[in-house]
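Enquirer: quick one, what's the 3D model for this:
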Amino acid sequence: MPGTRGLPKSARLRSGAEFRHVFDQRQSCGNALFRIHYAPSSTVRLGMAVSRRVSPKAVVRNRIRRQIRESFRLVAPDLATRDYVVLARPPAASASRTELRDALNQLWQRLT
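Expert: Reported below is the predicted structural model:
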């Protein structure tokens, strides 16, 4: 169903070339659960990488993605115009929703 995703297409990194651009020109910050890579852009956009190394269970990976998307949606108006790629680390799989949200908020605060 179109329109059911949390972010509009204009707010997402969608192609491999867009992700490569961020990784080629990246700066980053991180903590125990996440690492955020970012690069200059004309808009604020989000990309996510939550691999099977983080958790073999899709339900866990999707829970982490939902938390990333919601956290980004709330702080996007305050962020600088950059492309952001959020990478989840394996400890994120066993973290609670509150721990995930707190870890993301901590990183977004560093970037505002």
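Enquirer: can you tell me the SS state at A80?
Expert: Look at A80: counting by DSSP: H, G, I helix; E, B strand; the rest coil, its state is coil.
Enquirer: brain fart, V86
Expert: Under three-state DSSP, V86 falls in the strand class.
Enquirer: what about it, neighbour count?
Expert: When neighbours are defined as other C-beta atoms under 10 Å, V86 has 25 of them. Any C-beta I mention is one placed from the backbone N, CA and C, and that applies to glycine too.
Enquirer: can you check E18 too?
Expert: If you count neighbours by other C-beta under 10 Å, E18 ends up with 16.
Enquirer: tell me the pLDDT of the residue nearest the centre of the chain.
Expert: Geometric centre of the chain, nearest residue: V86, 3.1 Å, by C-alpha atoms, centre = their mean. What the model reports as pLDDT for V86 is 97.
Enquirer: just R5 next, same as before
Expert: 57.
Enquirer: test my guess that V22 contacts D83.
Expert: Yes: if you go by C-beta atoms under 8 Å, V22 and D83 touch, sitting 4.9 Å apart.
Enquirer: so what sits against both of these two?
Expert: Common neighbours of V22 and D83, using C-beta atoms under 8 Å, 6 or more residues apart in numbering, are L13, Y38, A39, G47.
Enquirer: confirm that C29 sits in a helix.
Expert: No: counting by three-state DSSP, C29 is not found in a helix; it is strand.
Enquirer: that one and R82, how far apart?
Expert: 12 Å (C-beta to C-beta, to the nearest Å).
Enquirer: who has more neighbours, the two?
Expert: The residue with more neighbours, out of C29 and R82, is R82; 19 against 14, by other C-beta under 10 Å.
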